[in-house]
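Asker: Have a look at this prediction, sequence included:
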Amino acid sequence: MPLSETQMDELLAQIRQRLVVLEEEIAGKLGEATEEFSAFERIGDSGDLSSILVEGEVDMSEALRDIDEWRGLRGSLRRVDEGTYGVCIDCGVEIPFERLRASPMALRCVDCQIRAERREHSHHSTM
């Protein structure tokens, strides 16, 4: 069953709110990483240097993870505009509202997601 207007409105609000939070977090983490890497240039103690590098790398890693989520959410908004949001990319069935509420970036129904993860796992285990 396609999403109702109320369900779609709820999901869109959830996506937009998360995008705002992510944008603030990304800006903060990138700013912190930049400050830490700048401090790296000014400090001479190797213990302090390694600590600063680790902190900067952690901030950068977290920012990259947030950027991936941001891209996924922007993709969800694009699919809403295209009329394909909430439709499994593998089998074409409607993704249940409960799944989309829990994971608004979901591209697949649960069954297809399980199959995709198994394929991915078997691909990595044969390497």
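Answerer: Ah, there it is.

Asker: Tell me where the chain is predicted with low confidence.
Answerer: Along the chain, the parts satisfying pLDDT under 70 run over 33-49, 52-53, 56, 126-127.

Asker: The residue nearest the centre of the chain: what secondary structure?
Answerer: By CA atoms, centre = their mean, the chain has its centre lying nearest to Glu69, at 1.5 Å. For Glu69, the secondary-structure state derived from DSSP: H, G, I helix; E, B strand; the rest coil is helix.

Asker: quick one: contacts for it?
Answerer: Contact analysis of Glu69 by CB atoms under 8 Å, 6 or more residues apart in numbering lists 18, 22, 105. Every residue, glycine included, has its C-beta placed from N, CA and C.

Asker: Relative to Arg18, how far out is it?
Answerer: 8 Å (CB to CB, to the nearest Å).

Asker: again, but for Arg119
Answerer: From Arg119 to Arg18 the distance is 28 Å (CB to CB).

Asker: ok, now Arg108?
Answerer: 20 Å.

Asker: now do Glu82
Answerer: 20 Å.

Asker: neighbour-wise, which of these two wins?
Answerer: Taking neighbours as other CB atoms under 10 Å, Glu82 and Arg18 compare with Arg18 leading, 16 against 8.

Asker: any idea which helix or strand carries the closest residue to the more buried one other than its chain neighbours?
Answerer: Ranked by CB to CB, 6 or more residues apart in numbering and with sequence neighbours excluded, the top spatial neighbour of Arg18 is Leu73, at 6.0 Å. Counting by DSSP states H and E, the secondary-structure element that holds Leu73 is helix 46-82.

Asker: Excluding chain neighbours, what is closest to Leu19?
Answerer: Leu73 (5.4 Å).

Asker: Arg18 against Pro104, yeah?
Answerer: Yes. Taking contacts as CB atoms under 8 Å, Arg18 lies within contact range of Pro104: 7.4 Å.

Asker: Overlap in contacts, the two.
Answerer: Leu73.

Asker: Now do the SS call for Met105.
Answerer: Assignment for Met105 (three-state DSSP): coil.
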